[in-house]
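>>> Got a predicted structure plus its sequence, pasted below:
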Amino acid sequence: MKTSTEAGKGTTFNNPIDLLLHDHEKGMVQLSLLEQAAESIRVNGFSPEAFEQIAATIRWMNTEVRKHTEIEERLVFPLVESHMKSLAEQVRGEHRDLWDAFSDLLAAVKEVEEGRLHGTSIRNVVSIAEMIVELMRTHIRRENTILFPAIRQLLSNKERQDLLEAIQKAL
């Protein structure tokens, strides 16, 4: 059973929550790279290497994070809404905040790439990147420590297997 997104291809999971946690682990690595790139620009000024790392993180977010978020929203959250509606709503709100920040980062990076620079262009890229790092880390921690353990307790073996199969199909 190959059951994870790009970062985990070739890895076998028997539990859908383990698959999602694996994606989160890969995400934390990407967030560290984004944080390092933003910090490098903030401390040392613009560098093509750091800017390219930010662009690479944007590509990762636009593919892997988007797919992961869609799977959570479409397949995972509906299973828990009847039990933990407020938590599901909170996590959905965090997804919206993340995608709003992502859109802002995309626009700021595009300005720089197209040479439409103004005094705060690079600073905007850095501050939005740092905000995304914080938003995503907080979000991942909430899912890992509250949402996913609750789901493990709520789902029957059949529901767990059905969810795993649905996620596999979505990948």
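Sure, I can see it. Note that the coordinates shown come from a computational prediction; the quantities given were computed from them, not determined experimentally. Numbers count the residues shown, from 1 in each chain.
>>> The worst-scoring helix or strand of the chain on mean pLDDT packs against which elements?
The weakest-scoring helix or strand in the chain, judged by mean pLDDT, DSSP states H and E, is helix 77-80 (a mean of 87). When contacts are defined as 3 or more C-beta pairs under 8 Å, 6 or more residues apart in numbering; DSSP states H and E, helix 77-80 packs onto helix 85-113, helix 148-154. All C-beta atoms are positioned from the backbone trio N, CA, C, and that covers glycine.
>>> Mind putting those helices into CSV with mean neighbour count and mean pLDDT?
Compiled in CSV, the helices and strands packed on helix 77-80 are given as follows (neighbours: other C-beta atoms under 10 Å; pLDDT from 0 to 100):
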stretch, mean neighbour count, mean pLDDT
helix 85-113, 15, 93
helix 148-154, 14, 91
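>>> Pipe those helices into CSV and attach distance to residue 41 per row.
What follows is the helices and strands packed on helix 77-80, written out as CSV (distance: least, C-beta to C-beta, whole Å):
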stretch, distance to residue 41
helix 85-113, 10
helix 148-154, 34
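>>> Among those, single out whichever gets nearest to residue 135.
Closest of these to residue 135 is helix 85-113, at 5.2 Å (criterion: C-beta to C-beta).
>>> Could you look up the next helix or strand downstream of the closest one?
Downstream of helix 85-113, the first helix or strand assigned by DSSP states H and E is helix 121-142.
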